[in-house]
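Student: okay, sequence plus prediction incoming.
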Amino acid sequence: MSAATHEDGHGPTREFILPDLGEGLTEAELIAWKVGEGDEVHVDQLIVEVESAKSVVELPCPFAGRVAALHARPGDTIAAGQALLSIAEVSDAKAPADDAESSADEGGDAEAEGRSANLIGYGTRDRQARPAKQRSFGAKTASLSPVPDMAAETPGGASAGASRESLGAASPDSASPASASGDPTVSPVVSPIVRRLAKDHGLIAKHLRGSGPGGVVTRADVLAAIDGKATRAAEPAAPREFAAPVPAPDPAGTPESSGLTSAPGDRDTRTPITGLRKVVAERLARSRQEIPEATIWLDVDATELLATKHALESRTGEKYSLLSLVARFVVAGLKKHPILNSSIDTNASEIVTHGDINLGLAAQTPRGLMVPVVHGAGEMSLRQLRDAVRDTVDKAATGRFSSHELSGGTFTLNNYGVFGVDGSAPIINLPEVAMLGMGRIKDRPWVVDGQLTVRKVMYLSFVFDHRACDGAEPSEFLGFVADCIENPVSLLPEV
């Protein structure tokens, strides 16, 4: 189990660390604790709610015991591999320490561990793969973990929860033999991401001062060291807050004569690009860099679509959104032009045409822009698709989607008309090859049978990846969807 274990004078204590979040995510924001210090917890009990760039999840505890300490507060950003809380084991019966140690060393708890449930990314302990339990933290020892990327490293052993005496070397107030002999400081480093980040910038993470629990080196410590290194190299004498040279005052020494009444940027506000905003920014930038995209658009008379919507609702007594109706047209169009339901495998230089239609719906949520996916949309009836679209829209009000709901899309539908705009040139949602955008519906002059009249008109914008196809298929697809909007009955032969 990838959890640090140490003795604190009250029994063995384990540290529950934030597991690997997957999909390239390296950190999460702690939303709320469901337990407090002193509470007893059991295996698989939900103990903390965290928000990654993908979704909000509740994490279960992989072992039982009493909460000894919480290492983060709501609002803190936690890196994958960083300790969230410490849990002290609670035994039902008191036993001599020697007996407890001997039974543990002989594998007496192996059966119990095998029965325990496991959090994804943790796994059960392999007793055969690990050396005997170390009781002394006075000398540096090694440990094997079944999940290498979650292994902890401390100066007094392999666990991030080493005793305070062993961590004393990392304290600026203590003088360890290593520091006395001129050797660099050795601090505990839990996350492999932190080690890699430091290595990529010519630093050694364990030689930095850690600000985490027990002196653990965190990602913020490495970033601070990188920032300090770059600042010293670029401008050794300049303060970090304002690296630009400050003109010297005139002999009179008055601030007014220097021409500098206030520091530049005092009225500016800086907002870190983190979490979902960071993921969206990186994905959109990559989309613009990689995809040779082209955009086509069409104005459409939606008068008959609105009339069909009202007729459906009157006949069935059920509500149908315009988005669900257009989604049904899109699904039919993708079945006619499957090349638009594809993705590009750049490593293999292949176009992957998907057998399933998983329809993504671009949504503005309190967490930012997200694209939840209606899986299996190609096999749904109109009523089923309507219900799935409605559920997705309802969830968008909170932005609480699971990772599964935010992955696996093959085509995206974007209704930016709700923001009161007519059109847009949307950015393709990687790794898809196309996206359809809907503008607002507005009364406009329109010619019908040679006569000028007022109709309900909307604009459709379609962007596609020119690597997947040329202009013929996208134009035919857009024309098909437009025909369905102008004359919904024309879709009947396709149903």
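Tutor: Yes, it's here.

Student: any idea of the mean pLDDT for stretch 459-469?
Tutor: Averaged over stretch 459-469, pLDDT sits at 95.

Student: give me the residues contacting stretch 26-37.
Tutor: Defining contact as C-beta atoms under 8 Å, 6 or more residues apart in numbering, one finds that stretch 26-37 is touched by 18, 21, 41, 45-52, 56, 58, 67-70, 72-80, 84-85, 193, 219, 274-275. Yep, even glycine has a C-beta here, placed from its N, CA and C like the rest.

Student: please redo it, this time with the cut-off set to 7 Å
Tutor: By C-beta atoms under 7 Å, 6 or more residues apart in numbering, the residues outside stretch 26-37 that reach it are 18, 21, 41, 46-52, 56, 67, 69-70, 72-80, 193, 275.

Student: buried residues in the longest strand seen in the chain?
Tutor: Longest strand in the chain by number of residues, with DSSP state E as the criterion: strand 451-465. For strand 451-465, burial by neighbour count (16 or more other C-beta atoms under 10 Å) applies to 455-465.

Student: can you check stretch 414-427 too?
Tutor: Neighbour counts over stretch 414-427 (16+ other C-beta under 10 Å) mark 414-417, 422-424, 426-427 as buried.

Student: stretch 360-379 now?
Tutor: 360-363, 365, 367-375, 377-378.

Student: for stretch 55-71, same thing?
Tutor: Within stretch 55-71, the residues that count as buried by 16+ other C-beta under 10 Å are 55-57, 59-71.

Student: please apply the same query to stretch 85-92.
Tutor: Those buried within stretch 85-92 under the rule 16+ other C-beta under 10 Å are 85-88.

Student: tell me the one among those residues nearest to Asn487.
Tutor: Leu85 (61.2 Å; C-beta to C-beta).

Student: correct me if wrong: that closest one contacts Phe16.
Tutor: Yes. Under the criterion of C-beta atoms under 7 Å, Leu85 makes contact with Phe16 at 5.5 Å.

Student: if we can go back for a sec, I'd like to know which of the buried residues of stretch 360-379 are part of strands.
Tutor: If you go by DSSP E, the buried residues of stretch 360-379 have 360-361, 363, 365, 368-370, 373-374 in strands.

Student: now, of the contacts of stretch 26-37, which are buried?
Tutor: Buried by 16+ other C-beta under 10 Å: 18, 21, 41, 47-52, 56, 67, 69-70, 72, 77-80, 193, 275, out of the contacts of stretch 26-37.

Student: now, which of these lie within helices?
Tutor: By the criterion of DSSP state H, membership of the buried ones among the contacts of stretch 26-37 in helices covers 193, 275.

Student: just the buried ones among the contacts of stretch 26-37: which are in strands?
Tutor: Counted as lying in strands by DSSP E, out of the buried ones among the contacts of stretch 26-37, are 41, 47-51, 56, 67, 69-70, 77-79.

Student: let me have these in a markdown table, extended by pLDDT.
Tutor: Converted to a markdown table, these look like this (pLDDT from 0 to 100):
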| residue | pLDDT |
| --- | --- |
| Val41 | 89 |
| Ile47 | 87 |
| Val48 | 88 |
| Glu49 | 84 |
| Val50 | 83 |
| Glu51 | 78 |
| Val56 | 76 |
| Val67 | 90 |
| Ala69 | 89 |
| Leu70 | 90 |
| Thr77 | 84 |
| Ile78 | 83 |
| Ala79 | 83 |
